[in-house]
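Undergrad: Provided below are the primary sequence and the corresponding predicted coordinates.
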Amino acid sequence: MGFWLPRIVKAKPSLKRTLSSSETTVVPKGHFAVYVGEAEKKRFVVPISILNHPSFQNLLNQVEEEFGFNHPMGALTIPCTEEAFTDLICNLQS
């Protein structure tokens, strides 16, 4: 059973989660793919403009220090909860 999260719905046009981490959809121009999750990784497509935000840069610095960026997924991998990531992105876009 799911529940309704209005702030995630607002982010839907610019924050897309693919249904499967093995799905190889084309990333639109001006966006990049990122895998998010601690155990099961989920793929998100986010706008490149997010890279300019200090909060996102801080997250990337923490990930680099703790885990490095050499991951077998072939894309940027952020080992945090899906909820924490979507909250951050939604806050940055509002």
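TA: On my side now, so go ahead.

Undergrad: show me the shaky parts of this protein.
TA: Under the criterion pLDDT under 70, the flagged ranges of the chain are 1-24, 71-74.

Undergrad: all helices for it, in order.
TA: For the chain, the helices defined by DSSP state H cover 6-11, 54-67, 82-93.

Undergrad: out of these, which is the most enclosed?
TA: Greatest average neighbour count among those goes to helix 82-93 (a mean of 17), per mean count of other Cβ atoms under 10 Å. All C-beta atoms are positioned from the backbone trio N, CA, C, and that covers glycine.

Undergrad: elements contacting that one?
TA: Packing partners of helix 82-93 (3 or more Cβ pairs under 8 Å, 6 or more residues apart in numbering; DSSP states H and E): helix 6-11, strand 42-47, helix 54-67.

Undergrad: closest to Val36 out of the ones you listed?
TA: Closest to Val36 of the helices and strands packed on helix 82-93 is strand 42-47 (Cβ to Cβ; 5.6 Å).

Undergrad: got the angle for the closest one vs helix 54-67?
TA: 140 degrees (axes from the mean of the first three to the mean of the last three Cα atoms, to 10 degrees).

Undergrad: just so I know, which of the helices and strands packed on helix 82-93 lies nearest Gly30?
TA: strand 42-47 (6.1 Å).

Undergrad: starting at the chain centroid, how far to the closest one?
TA: Centroid separation for strand 42-47 versus its chain: 5 Å, with Cα atoms, centre = their mean, to the nearest Å.

Undergrad: which strands and helices lie in contact with it?
TA: Partner elements for strand 42-47 (3+ Cβ pairs under 8 Å, 6+ apart): strand 16-17, strand 31-36, helix 82-93.

Undergrad: picking up where we left off before, what's the closest of the helices and strands packed on helix 82-93 to Lys29?
TA: It is, among those and with distance given as Cβ to Cβ, strand 42-47, at 10.4 Å.

Undergrad: list the contacts of the closest residue to Phe67 other than its chain neighbours.
TA: Leaving aside its chain neighbours, Phe67 sits nearest to Pro79 (6.0 Å; criterion: Cβ to Cβ, 6 or more residues apart in numbering). Shown in contact with Pro79 (Cβ atoms under 8 Å, 6 or more residues apart in numbering): 37-38, 63, 67.
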